[in-house]
Each structure stands twice: as structure tokens, then as C-alpha cells.
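Peer 1: Structure here, sequence nowhere to be found:
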């Protein structure tokens, strides 16, 4: 049985190894005597896809007290950020991005997400210089929505909705979810974005009715459905002016 000091020392040593790879720290080791998986040490680290994630296999004590193993997936650069997911309203319509996903072998319709740069390092449309308002990764929107949307765009509102566990069974990540409202001069929106049913266009602008109808249909990934549910709930509960 480890003392509290020994437990804290072990946790610090494990987190130091994770920090060397820019992975987020573990908040605690767990305690098998309380029905938890208790991390004993790092057994192996798999860096085969470290641009995207790193898998760390831990030796653990199971709640029964028997030895075992458990692998946790850490997002790349998780020490800096777990990433961000954006529900983006462009002139009142939801921006939906069409993405090819090799893991599924199909096109997916999603809200923007990713591991954008800090905003003060992000170049808007490659031409508009830098904007410094903290560490919100709005560079993700620039990359995902492109110049057609972001050139001339004005961020009128940005709300942090929640941090939600990506997959509590295997991942350490809890990405941040945001609601962003943009105003863009209609004349500057590219013709490819007008008529958002165009299957070739990468970015589509859907109204609320279309978004609700497509949840579980074309909108069928966890990040997107979670983000939209958070955003729609937030919007529904906003106070109404008399």
C-alpha cells in the first residue's frame, strides 16, 4: 500500500514522461481499494500515429487487487489543447462541412473541429494578419470554412458551451465546444455556398429545420451531434426580449 507521498511522487513521475511527449497529465492514479483501476506504472508507449494520437499502456491493479493492463489514447499535443468543436452560425445558418473520412470510407457532414493554432498565431484567410484575443483556437474555423466564409467575416458572439469527454472508455480527451456567430456580407459568400444542397460544395449553410431533420441521418458523428445538441439547447434557453 502506497503512502500519500509515494502516490503523489509516482503520479508526478508518470506525468513527467507524458509531458515529454506533450500529452496531458493524469489527474490521479486511482485506488483499487475504492473500486477503481489503480495505475502502477507505464508499461509501453505507442507513437506510431503521434501526429494524431499516442497510445499509452499502463500496468494497473484491478478493483479485485489482481494485476492487469489498461491502454489510454491521448490526443496529440493534449498538454496544449484537447481540441475544439464549433457550432458556427453564418448569417443565422449552421455551417456544415463535408469531409472525406478514410476511417469510414465515406463522406461525412460535420461541424468544424480540430486542433487549431492559438488565435494570436492564426492568419485569417492568409491575408488579414493576426488577431490576439487569447487562446481560443479560431484558426480551426479559418482552415475548415475557408476564405469563402471567413474573408470579411465578423465574429459577433462566441460562447463556450462545455467540455465533453470524447470517449470515456478509451480516450483522455475532453474537447471544448463553442457556439460562434458570424456575420458575413452576403456579396462575399462564394457562389459555391449559395444553394447549400450542392453536393460538390465543401461548406453548406443549413437552416435549423434542416439541421434537426438531418441529426442521425447525414449528421451522424458523435462530435457533431453533441455539439448541435449543446448549441440548440443553449439557444432555446436564451432569454427573450420583451
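Peer 2: On my side now, so go ahead. Not measured: the values here are computed from a predicted model.

Peer 1: tell me the domain boundaries of this protein?
Peer 2: Listed domain ranges for the chain are 4-75, 84-236 (source: automatic domain parsing).

Peer 1: Ranking the ones you listed by mean neighbour count, which comes first?
Peer 2: Of these, the one with the most neighbours on average (mean count of other Cβ atoms under 10 Å) is domain 84-236, at a mean of 16. Where C-beta positions appear, they are placed from N, C-alpha and C, glycine not excepted.

Peer 1: Where do the strands of this structure begin and end?
Peer 2: For the chain, the strands defined by DSSP state E cover 38-46, 53-61, 67-75, 84-90, 93-101, 106-110, 113-114, 154-163, 176-183, 203-206.

Peer 1: ok, the shortest one: who's next to it in the sheet?
Peer 2: In this case it means strand 113-114. Looking at strand 113-114 with DSSP bridges, its partner strands are strand 84-90 (antiparallel).

Peer 1: do the same with the first one
Peer 2: Partner strands and pairing direction for strand 38-46 (DSSP bridges) are strand 53-61 (antiparallel).

Peer 1: so what's the nearest residue to residue 55 once chain neighbours are set aside up against?
Peer 2: Take residue 55 and drop its neighbours on the chain: the residue closest to it by Cβ to Cβ, 6 or more residues apart in numbering is residue 46, 4.2 Å away. The contact partners of residue 46, by Cβ atoms under 8 Å, 6 or more residues apart in numbering, come to 54-57.

Peer 1: Dump those residues to CSV, plus distance to residue 163.
Peer 2: Shown next, in CSV, are these (distance: Cβ to Cβ, whole Å):
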residue, distance to residue 163
54, 20
55, 22
56, 21
57, 26
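
Peer 1: that older thread, could the strands of the chain go into a markdown table alongside distance to residue 236?
Peer 2: A markdown table is the format used below for those (distance: least, Cβ to Cβ, whole Å):
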| stretch | distance to residue 236 |
| --- | --- |
| strand 38-46 | 41 |
| strand 53-61 | 34 |
| strand 67-75 | 31 |
| strand 84-90 | 13 |
| strand 93-101 | 15 |
| strand 106-110 | 22 |
| strand 113-114 | 22 |
| strand 154-163 | 13 |
| strand 176-183 | 12 |
| strand 203-206 | 17 |
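
Peer 1: Any idea which of these gets closest to residue 216?
Peer 2: strand 106-110 (11.7 Å; Cβ to Cβ).

Peer 1: Now find how far off-centre that closest one is within its chain.
Peer 2: Chain-centre distance of strand 106-110: 16 Å, with Cα atoms, centre = their mean, to the nearest Å.

Peer 1: what does it contact?
Peer 2: Applying Cβ under 8 Å, 6+ apart, the contact partners of strand 106-110 are 96-101, 204, 214, 218-221, 223-224.

Peer 1: can you give me the helices in this structure?
Peer 2: Ranges of helices in the chain, per DSSP state H, are 4-20, 139-145, 147-150, 208-214, 222-236.

Peer 1: okay, the angle between the first one and strand 53-61?
Peer 2: When axes from the mean of the first three to the mean of the last three Cα atoms, to 10 degrees is applied, the directions of helix 4-20 and strand 53-61 differ by 160 degrees.

Peer 1: between helix 4-20 and strand 67-75, what angle do the directions make?
Peer 2: Using the same axes, to 10 degrees: helix 4-20 against strand 67-75 is 40 degrees.

Peer 1: Tell me the helices and strands packed up against helix 4-20.
Peer 2: Contact analysis of helix 4-20 by 3 or more Cβ pairs under 8 Å, 6 or more residues apart in numbering; DSSP states H and E lists strand 38-46 as its packing neighbours.

Peer 1: My guess is residue 140 contacts residue 97. True?
Peer 2: No - when contacts are counted by Cβ atoms under 8 Å, residue 140 is not listed as touching residue 97 (10.6 Å).

Peer 1: residues shared between the contacts of the two?
Peer 2: With Cβ under 8 Å, 6+ apart as the test, residue 140 and residue 97 both reach residue 112.

Peer 1: No further questions, thank you.
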